[in-house]
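[1] Make a model of this:
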Amino acid sequence: MKIKIKENKKYANIVNFKKNQDIAIHRWFNIKEGYSKELIVSLINDLKIKNGYIVDFFDGSGTTSLSAKEMNFKYYGFEINPFLHLLSIVKLSDYKEKDIKKIISTKKRILKDYKKISKIKNIKLSILEKVFKENLKDILKIRTKIFNIKNKKVKNFFIIAMTSILDDVGYAKKDGNGLKYPKNKKPVKFITKFSEKIDLMIDDIIQSKNKNVKGSRAILADSRNISTKGLKRIKGKVSLVVFSPPYANCFDYSEVYKLELWLSGCVNNYKDLINIRNKSLSSHLNKNLSSYEEYNLLKKDLEKLNKKIIWSSKISHMLNGYFCDMEKILKNSFDILSKNGYCVIVVGNSAYGGHIIETDVLLSKIALKIGFLNAEINIARKLRASSQQAKLFKNNNSLRESVIIVKK
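    Numbers count the residues shown, from 1 in each chain. Below is the predicted model:
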């Protein structure tokens, strides 16, 4: 058993979401942390996947599952973030002619009647006025109309149409570990953008001819702790597991996507938000990390970090938690794969105190320990470190983003 590391420029432009922005349905929501449909198509072709389930334990906006659907594969997608799960459900749904007619008529009714709304469904998120200013009143009125829709499929469609344009209609911008307020940002008018987005989504579902293969599912679940019963249906029937976990970089995605979580109704109070944070992967500091014991494969890294000055004492606990969590997910991957099935992980390395945590190598070692065969690390591209970290690197070393391929 060994780990092979090589540069593979083939993946350089497809381990990010950019190419999805021109593809029907995939383009509904711009998720910076995602990868492109082209990556999934490439893996299925290169690894000669002919049948069986395609599974993603971090389904995010549903790229893996939607790509599998478009290639006529059965899929299972697991996601812990309720907004991203809702997004994938809407993108993966099969829309019949009657659904499209209902969406078109509902759009007309909403845009005709929203101004008459006098009793607005309140949201407790304190930054709404700062983010949306002149657009906020219309957003809340439209939201109130949407939440009164009785047809669940249609209601969810409009929730995603509304939440997918929040970056365009507000003064905030997703940046790193949260929201920033660029001085030169000029929001577009909400009603105009909302109407345009609905039309684009309708056009996409009219053009789409793909239907879900029976047995496919998108599931709201913690991928670390899926019950035996939950995996039993697909155990031994999976040809390919593909996922990109949150990187060990302290980014809290419940913070990054808090506007979408609140406005979609997935979060109704701060207690809900805290619950989501506590259930998420241990890749950030905004949760209880004290229960994790020192992870053996991380011992040398932690010894080096303990000799350095780093900005939070919780980082070592987070890293222990991260690799403990990832071992559980890799075990689940191994258990459900058929013999000769593949597990592919897209992940980036991180750095603290000038010391690089080689996440791709550590995950490869965990995979081999579990029972996977030789690991191949394909270096897709270099990642930019923070300016503070970059100054501490020696020998012009830098971070990298890799595609790890292991076989059962």
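
[2] the bottom helix or strand of this structure by mean pLDDT?
    The weakest-scoring helix or strand in the chain, judged by mean pLDDT, DSSP states H and E, is helix 387-390 (a mean of 62).

[3] After it, which helix or strand is next?
    Under the assignment DSSP states H and E, the closest C-terminal helix or strand after helix 387-390 is strand 399-407.

[4] Report the distance from that next one to the chain centre.
    Taking C-alpha atoms, centre = their mean, to the nearest Å, one finds the center of strand 399-407 at 17 Å from the center of the full chain.

[5] which helices and strands does it pack with?
    strand 337-348, helix 359-370, strand 375-383 (3 or more C-beta pairs under 8 Å, 6 or more residues apart in numbering; DSSP states H and E). Where C-beta positions appear, they are placed from N, C-alpha and C, glycine not excepted.

[6] and those as JSON lines, adding distance to Leu330?
    Below are the helices and strands packed on strand 399-407 laid out as JSON lines (distance: least, C-beta to C-beta, whole Å):
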{"stretch": "strand 337-348", "distance to Leu330": "7"}
{"stretch": "helix 359-370", "distance to Leu330": "5"}
{"stretch": "strand 375-383", "distance to Leu330": "11"}
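
[7] Any chance of these in TSV with mean neighbour count, distance to Leu87 and mean pLDDT as columns?
    Formatted as TSV, the helices and strands packed on strand 399-407 follow (neighbours: other C-beta atoms under 10 Å; distance: least, C-beta to C-beta, whole Å; pLDDT from 0 to 100):
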stretch	mean neighbour count	distance to Leu87	mean pLDDT
strand 337-348	21	19	98
helix 359-370	21	26	98
strand 375-383	20	25	95
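
[8] Show me where this structure has its strands.
    3-7, 53-56, 74-79, 173-175, 178-180, 217-220, 238-243, 337-348, 350-352, 355-357, 375-383, 399-407 (DSSP state E).

[9] Looking at the ones you listed, spot the one closest to Lys18.
    Among the strands of the chain, the nearest to Lys18 by C-beta to C-beta is strand 375-383 (12.2 Å).

[10] Show me the shaky parts of this protein.
    The model of the chain has pLDDT under 70 over residues 1, 385-397.

[11] which residue sits farthest out from the middle of it?
    Distance from the C-alpha centroid of the chain peaks at Lys116, with 36.7 Å (C-alpha atoms, centre = their mean).

[12] Look up how far Lys150 lies from it.
    Distance, Lys116 to Lys150, using C-beta to C-beta, to the nearest Å: 19 Å.

[13] repeat for Lys102
    Applying C-beta to C-beta to Lys102 and Lys150 gives a distance of 11 Å.

[14] neighbour-wise, which of these two wins?
    More neighbours surround Lys102 than the other of Lys102 and Lys150, with 17 against 6 (other C-beta atoms under 10 Å).

[15] Hmm, the more buried one is touching Val154, no?
    Yes - counting by C-beta atoms under 8 Å, Lys102 does reach Val154; the two are 5.3 Å apart.

[16] Closest to the centroid, which residue in the chain?
    Gly60 (2.8 Å).

[17] Relative to Glu303, how far out is it?
    Distance of Gly60 to Glu303, given as C-beta to C-beta: 34 Å.

[18] One more: Ile44?
    Distance, Ile44 to Glu303, using C-beta to C-beta: 41 Å.

[19] Comparing the two, which residue is more hemmed in?
    The neighbour count for Ile44 versus Glu303, taken as other C-beta under 10 Å, is higher for Ile44 (20 against 9).

[20] For that one, give me its contacts.
    Contacts here follow C-beta atoms under 8 Å, 6 or more residues apart in numbering; on that basis Ile44 touches Ile54, Met71, Phe73, Leu240.

[21] try 10 Å this time
    Counting by C-beta atoms under 10 Å, 6 or more residues apart in numbering, Ile44 makes contact with Lys50, Ile54, Ser67, Ala68, Met71, Phe73, Ser239, Leu240, Val242, Tyr342.

[22] roughly how far apart are it and Glu38?
    In this view, Ile44 and Glu38 are 11 Å apart by C-beta to C-beta.

[23] Next: Leu368.
    Per C-beta to C-beta, Leu368 is found 28 Å from Glu38.

[24] For the nearest residue to Pro245 once chain neighbours are set aside, which residues are in contact?
    Nearest in space to Pro245, with sequence neighbours left out and distances taken as C-beta to C-beta, 6 or more residues apart in numbering, is Phe58 at 5.2 Å. Counting by C-beta under 10 Å, 6+ apart, Phe58 touches 33-34, 64, 77-81, 84, 223, 242-246, 281, 329, 345-346.

[25] Any idea how many residues pack against Leu231?
    By other C-beta under 10 Å, 16 other residues sit near Leu231.

[26] typo on my end, Lys331
    Around Lys331 there are 16 residues (other C-beta under 10 Å).

[27] hang on, it packs against Ile370?
    Yes - in this structure, Lys331 is within contact of Ile370 by C-beta atoms under 10 Å, at 5.7 Å.

[28] ok, the residue lying closest to Ile5 once chain neighbours are set aside to Ala12 distance?
    In this structure, Ile5 finds its nearest non-sequential neighbour in Ile377, 4.5 Å apart by C-beta to C-beta, 6+ apart. In this view, Ile377 and Ala12 are 14 Å apart by C-beta to C-beta.

[29] Equivalent analysis for Asn30, please.
    In this view, Asn30 and Ala12 are 20 Å apart by C-beta to C-beta.

[30] Generate a ChimeraX selection restricted to the buried entries among the contacts of Phe58.
    Typed into ChimeraX, the line below selects the buried ones among the contacts of Phe58, using 16 or more other C-beta atoms under 10 Å:
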select :33,34,64,77,78,79,80,81,84,223,242,243,244,245,246,281,329,345,346
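
[31] How many neighbouring residues does the residue lying closest to Ala367 once chain neighbours are set aside have?
    The shortest distance from Ala367 to any non-neighbouring residue, by C-beta to C-beta, 6+ apart, is to Val406 (4.5 Å). Using other C-beta under 10 Å, Val406 has 28 other residues around it.
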